[in-house]
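>>> here is the input, now give the coordinates:
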Amino acid sequence: MDELQARLVALVRCSPVLMRALRAARAVDPPEWLIGAGAIRDRVWDHLHGFTRPVSVKDLDLAFFDPGSLGSERERSVQSALTARAPDLTWDVTNQAAAHLWYPQVFGVEVDPLTSTSDAVATWPETATAIGVRLLADDSIHVVAPCGLDDLFALICRRNPRRVTSEQYRRRVEMKQIVKRWPRVRILDARD
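Numbering: from 1, shown residues only. Reported below is the predicted structural model:
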């Protein structure tokens, strides 16, 4: 495990909310599950800004990959099972095997089917959110970071060009109020 990965794992372990979410997800255990995106970025950037008060997690993105069950009922059953184990958490559950089916309706762009949850993480909008973690049976934490962890720990918000357009990126940065919430974050232009 490299230094940044070790730092990330330590920060996740120090978060009661993330650890409770990881334990709930491990108990439900959908295929190839990962918790990631904003919940991970928020934890690291809050820490790097010296915010000592725990900030509430708006939602926990749980991605999984089940190509044998592409209907929304599979996502709903995973969400129900997670909510039963951690009812105070707001779960956002997505079967990444089905993303190519709904993506055109939501974002107006056709996309190829993904091959795994790790492949899905590699398409998430910013490099600092293209990160997922899983709690393994031995309580170790597995990290998936196809864009690396450098931007996350360097407080850099950069567009992941794999799927998100420059315009979508700009809207997300504004909507998420990144500069207001984390003033030390450097926002790179969508072309960078």
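>>> residues contacting the closest residue in space to residue 124 that isn't next to it in sequence?
Nearest residue to residue 124, sequence neighbours excluded (CB to CB, 6 or more residues apart in numbering): residue 130, at 4.2 Å. Where you see a C-beta, it was placed from the backbone N, CA and C, and this is true even at glycine. By CB atoms under 8 Å, 6 or more residues apart in numbering, the contact set of residue 130 is 36, 121, 122, 123, 124, 145, 146, 147, 160.
>>> from these, which is closest to residue 42?
Nearest to residue 42, judged by CB to CB, of the contacts of residue 130 is residue 36 at 11.2 Å.
>>> how far off centre is the worst-scoring helix or strand of the chain on mean pLDDT?
The weakest-scoring helix or strand in the chain, judged by mean pLDDT, DSSP states H and E, is helix 99-107 (a mean of 86). Offset of helix 99-107 from its chain centre (CA atoms, centre = their mean, to the nearest Å): 18 Å.
>>> touching whatever helix or strand comes next after it from outside, list them.
Counting by DSSP states H and E, the next helix or strand C-terminal to helix 99-107 is helix 117-121. For helix 117-121, contacts defined as CB under 8 Å, 6+ apart pick out 32-34, 36, 63-65, 96, 99, 114, 130-132, 144-146.
>>> rerun that using 7 Å as the cut-off
Contact with helix 117-121 is made by 32, 34, 36, 63-65, 96, 99, 114, 130-132, 144, 146, as judged by CB atoms under 7 Å, 6 or more residues apart in numbering.
>>> and those, which is closest to residue 175?
Nearest to residue 175 among the contacts of helix 117-121, with distances taken as CB to CB, is residue 130, at 17.8 Å.
>>> now do that closest one, the pLDDT please.
As predicted, residue 130 sits at a pLDDT of 97.
>>> and it, helix, strand or coil?
coil (DSSP: H, G, I helix; E, B strand; the rest coil).
>>> gap between it and residue 146?
6 Å (CB to CB, to the nearest Å).
>>> joint contacts of the two?
In contact with both residue 130 and residue 146: 121, 122, using CB under 7 Å, 6+ apart.
>>> just checking, what packs against the strand or helix carrying residue 8?
Using DSSP H and E, residue 8 maps to helix 3-13. Counting contacts by 3 or more CB pairs under 7 Å, 6 or more residues apart in numbering; DSSP states H and E, helix 3-13 is packed against helix 38-48, strand 141-144.
>>> ok so, going back, what's the PyMOL syntax to select whichever of the contacts of helix 117-121 are buried?
Here is the PyMOL command that selects only those of those that count as buried (16 or more other CB atoms under 10 Å):
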select buried, resi 32+34+36+63+64+65+96+99+114+130+131+132+144+146
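>>> pLDDT check: weakest of the contacts of helix 117-121?
Among the contacts of helix 117-121, pLDDT bottoms out at residue 99, giving 92.
>>> that'll do, ta.
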